[in-house]
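> need coordinates for the below:
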Amino acid sequence: MSAFSSTIGIIGAGAWGTALAQTQAAAGRDVLLWAREPEVVTAINQKHENTVFLPGVPLHAAIRATGDLNEAAEHDVILLVTPAQHIRSTLERIRDVLKQGASIVICAKGIELGSGKILSAIAEEAAPGVPVAVLTGPTFASEIARGLPCAVTIAARTVDQARGLCSKLASRTMRPYASDDLIGVQIGSAVKNVIAIASGMVAGKGLGESARAALMTRGLTEMARLSEAMGGHRETLMGMCGVGDLMLTASSQQSRNFSLGFQLGQGRTLEEILAERRAVTEGVHTAKAVMVMAKSKGVDMPVSAATNDCLEGRSSIEAAMASMMDRPLKTENL
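Purely as a prediction, here's the structure:
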C-alpha cells in the first residue's frame, strides 16, 4: 500500500487510538499520537510500547507520542479517539489550532449523555465549519495493533468525502468502505454496545445460546428502527457498523461491554466491575443516552430499555428477561 502525503494526528492513546496509530505508521504515514498520561507518552517514545493500555504489543518505531494536545491537532487528518463523553470538550480545546482544510474523523462510539445527540452533531457544534467524518466497525484493538486484517466503515456527509478519507487511511491490514449515512453508522456503532452488555448478561446468567441469539437479533432490529427514526437508513445496519460490529462486540470476552454484562450476569455489581477498569465501558453511558433519544422519537426499544433498567438497578436480569418474553406477540421485521 503506497503512503499518502497527509499527516495524521491521533487524539487519544487508549488501546484503539494506539492501534490506529500502528496501522497508519505501518502504511508509511507521519503519525503523532496524543496521550493524556505522561507515562504513556514516555513508554511509547522510549519503549515503543503502550504499557498502560496495550501492553505486550511492540509498536512501530515511527510512532511519536506527545502530551501537547495542540501539537497533535496541527495535522491534515485528526483521528479523534477520546471517549464519547469527552468529544465536545476536546474539540472545543483544539478548534482554534486546526489547520485550514483539516478533517476530523471521530473514532469513538456513543451518544452524548446530556444532549442525547450523535457525535458528529456534537463535533459540528463544537468545531463549526470543519469537515466531520466517522470511522467505525468490528475491530478489537489488540488484533489490529498486531497487524491482523480488518474492515471498517468511514462515513461522511457525501460519498466523495468518505472515499477521499478512505484513500488517506486505508492500509494493507485495514480496508475501509465509504458511506454517506452518518446517522445510521453512528446509531449502529453506539447501540450495539448496549446490546453487547445485554448479550453478556444472558451468557453470564447461563440462559443459553438460543436466548443470546434471539436477543442479538432483536437488538439489531432496535438499531435499525432507531436509525430510521433519526433519518438514517436501515440497510446501513447490515454492514460493518451494524451486523459486523454487533457480531464481534456481543460475542467475545475481549469486548469491554460483553465482559461487563457477563460479570453482571454472574452476580457482581456494576460499581465493583467499573472500579477495576481504567478504560471506559462506553455502553454503560450509551444505554441511558439511547433511552433519551428513543423517547424523543417515540421508538420502542425493549432490549435496550431492559438493559438500562438493569444497569440502573431498577430491574434484575431475571425480571428483565421475563418481561421481554411476556411481551405481546408480533410479526417479525427488521
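
> dump the C-alpha coordinates for the helix or strand hosting Ser210 into PDB.
Under the criterion of DSSP states H and E, Ser210 resides in helix 209-230. Below are the C-alpha coordinates for helix 209-230, written out as PDB (Å, rounded to 0.1, in the frame of the first residue of the first chain):
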ATOM      1  CA  GLU A 209     -27.000 -19.500  23.300                       C
ATOM      2  CA  SER A 210     -30.500 -19.700  21.900                       C
ATOM      3  CA  ALA A 211     -31.600 -16.800  24.100                       C
ATOM      4  CA  ARG A 212     -28.500 -14.900  23.300                       C
ATOM      5  CA  ALA A 213     -29.000 -15.300  19.500                       C
ATOM      6  CA  ALA A 214     -32.600 -14.100  19.900                       C
ATOM      7  CA  LEU A 215     -31.600 -11.100  21.900                       C
ATOM      8  CA  MET A 216     -28.900 -10.100  19.400                       C
ATOM      9  CA  THR A 217     -31.300 -10.400  16.500                       C
ATOM     10  CA  ARG A 218     -34.000  -8.300  18.200                       C
ATOM     11  CA  GLY A 219     -31.200  -5.800  19.200                       C
ATOM     12  CA  LEU A 220     -30.300  -5.400  15.600                       C
ATOM     13  CA  THR A 221     -34.000  -4.600  14.900                       C
ATOM     14  CA  GLU A 222     -33.900  -1.900  17.500                       C
ATOM     15  CA  MET A 223     -30.700  -0.400  16.000                       C
ATOM     16  CA  ALA A 224     -32.400  -0.300  12.500                       C
ATOM     17  CA  ARG A 225     -35.600   1.100  14.000                       C
ATOM     18  CA  LEU A 226     -33.900   4.000  15.800                       C
ATOM     19  CA  SER A 227     -31.600   4.700  12.800                       C
ATOM     20  CA  GLU A 228     -34.600   5.100  10.500                       C
ATOM     21  CA  ALA A 229     -36.400   7.400  13.100                       C
ATOM     22  CA  MET A 230     -33.300   9.600  13.300                       C
END
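
> buried residues, that helix. List them.
211-212, 215-216, 218-230 (16 or more other C-beta atoms under 10 Å). (Glycine included, C-beta is placed from N, CA and C.)

> ok, stretch 151-164 next?
Neighbour-count burial for stretch 151-164, counted by 16+ other C-beta under 10 Å, picks out Val152, Thr153, Ile154, Ala155, Ala156, Gln161, Ala162, Arg163, Gly164.

> what would these look like in a markdown table with secondary structure and pLDDT?
Shown next, in a markdown table, are the buried residues of stretch 151-164 (DSSP: H, G, I helix; E, B strand; the rest coil; pLDDT from 0 to 100):
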| residue | secondary structure | pLDDT |
| --- | --- | --- |
| Val152 | strand | 98 |
| Thr153 | strand | 98 |
| Ile154 | strand | 98 |
| Ala155 | strand | 98 |
| Ala156 | coil | 98 |
| Gln161 | helix | 97 |
| Ala162 | helix | 98 |
| Arg163 | helix | 98 |
| Gly164 | helix | 97 |
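
> cool, thanks, signing off.
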